[in-house]
Structures are given as C-alpha cells and as structure tokens.
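>>> let me see the structure of the following:
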Amino acid sequence: MNDESQNKMGTPTPEELREQVERTRDELGQTVEALAAKADIKAQAKGKAEAVKEQAAEKTAAVKAQAAEKTGTVKAQAAEKAAAVKEQAAVKAASASGQIREKTGQAAELVKDRTPDAVLEKTAQAAAQVRESAARAGQYAADRTPDPLLEKAGRAATAARANRAPLIAGGALLIAFLLIRRSRGRNR
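Residues are numbered from 1 along each chain as shown. Next up, the predicted model:
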C-alpha cells in the first residue's frame, strides 16, 4: 500500500494483483469466446446461409420487378398494335362496303339500261302487286303473331329500313333477271 515497498521489491500489492487477475480473466473470456465463435462451424454456415438467402431474395425481387415492368411494356405494345389492326380492318371494311354499293348501283343501272321498257313496266307492276300482297300478308301475320315475336320483327324491320338501298337494288336485280329469263324462254 505504500509506494516504497513496491518500488524496492517490485512486487505488486494484493489489490493490484486482484485487478490484474480480473483483467486477465476478462481478456481470457473474450479470447475463449472468439475462439469458440471461430470453431463453431455450424453457426458460421448458418450465418452464411442466411446471407445467401437474403441475396437470393433481393435478386428474386429485382427479377420480379423487371418482369413486371417488361410485361407492362409488352401489354402496352400489344394493345397499340391491336388498336392499329382494328383501325385498319375498319378502314378496309368501309372501303369494301363502298365498293360493293358502287358495283351494285352500277349493275342496277346496267340492267335498267338494257332492259326493254315493257319489261320495266311489268317489273313495276309486279313489284306493286308484291308490295300489296306483302302488306296483306304482313297484316294477317301481325294479327296472329304473339307480342314478343312482333317486337323482334319490329327490330328486324328497322334494320332493313336502315339498309333499304342495297335491299331494293338486290330485289330489283332479282326480279329483272327472272323476267328477262322468262321472256327469253318464251322467245325460243
């Protein structure tokens, strides 16, 4: 406890020895723990496995995000292409419809021009008779037809009225063809 005895003899005091022992125990305990951690292969493998697992999960999430992004891009491109194809189809359908109407009109004019006046008069009379007969038959059918069927027929008639020109042209062509064929058959 006095400094003179320590300096002369060089021996530490009991309290200093206790402190030194305590320090050495702490250092020894830490060294043992470090050696035990190095020697614990199972714990090291487990730690590495968890690290690899975390990396795999991160990469999986990144790949999923990229796939979702690419899927969205592909869907958008497909929708654009579908819209373009739909538009082209509509343009082509409109063009074909116009061409058909034009050809039908030309054919009707050609038939009308080449058909003798007498045949045209007979055609007009036959058409009038057909209209009258159709009106009578329609009235008769309407009187005897159930209401739900009448509603459907009304819708069909509305559709026919909307497309009246092609129907009339087709009917006139058919009647003219039949009358010409009939008159040629009698001339032979």
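>>> and the helix or strand where T31 lies, how far from the chain's centre?
Using DSSP states H and E, T31 sits within helix 14-39. The chain centre lies 72 Å from the centre of helix 14-39; the measure is Cα atoms, centre = their mean, to the nearest Å.
>>> what's the following helix or strand after it?
Once helix 14-39 ends, the next helix or strand along the chain (criterion: DSSP H and E) is helix 41-114.
>>> which neighbouring elements make contact with the helix or strand just after that following helix?
Downstream of helix 41-114, the next assigned helix or strand under DSSP H and E is helix 117-144. Using 3 or more Cβ pairs under 8 Å, 6 or more residues apart in numbering; DSSP states H and E as the contact criterion, the elements in contact with helix 117-144 are helix 164-187. Where you see a C-beta, it was placed from the backbone N, CA and C, and this is true even at glycine.
>>> got the CA positions of the helix it packs on in CSV?
Below are the C-alpha coordinates for helix 164-187, written out as CSV (Å, rounded to 0.1, in the frame of the first residue of the first chain):
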residue,chain,number,x,y,z
ARG,A,164,-83.0,-0.1,-97.7
ALA,A,165,-81.0,0.8,-100.8
PRO,A,166,-79.0,-2.4,-101.1
LEU,A,167,-82.1,-4.5,-100.4
ILE,A,168,-84.1,-2.7,-103.0
ALA,A,169,-81.3,-2.9,-105.6
GLY,A,170,-80.9,-6.6,-104.9
GLY,A,171,-84.6,-7.2,-105.2
ALA,A,172,-84.9,-5.2,-108.4
LEU,A,173,-81.9,-7.1,-109.9
LEU,A,174,-83.5,-10.4,-109.0
ILE,A,175,-86.9,-9.5,-110.4
ALA,A,176,-85.3,-8.1,-113.6
PHE,A,177,-83.2,-11.3,-114.0
LEU,A,178,-86.2,-13.5,-113.6
LEU,A,179,-88.3,-11.6,-116.0
ILE,A,180,-85.6,-11.5,-118.7
ARG,A,181,-85.0,-15.2,-118.3
ARG,A,182,-88.7,-15.8,-118.5
SER,A,183,-89.1,-13.7,-121.7
ARG,A,184,-86.1,-15.3,-123.4
GLY,A,185,-87.5,-18.7,-122.6
ARG,A,186,-90.8,-17.9,-124.4
ASN,A,187,-88.9,-16.4,-127.5
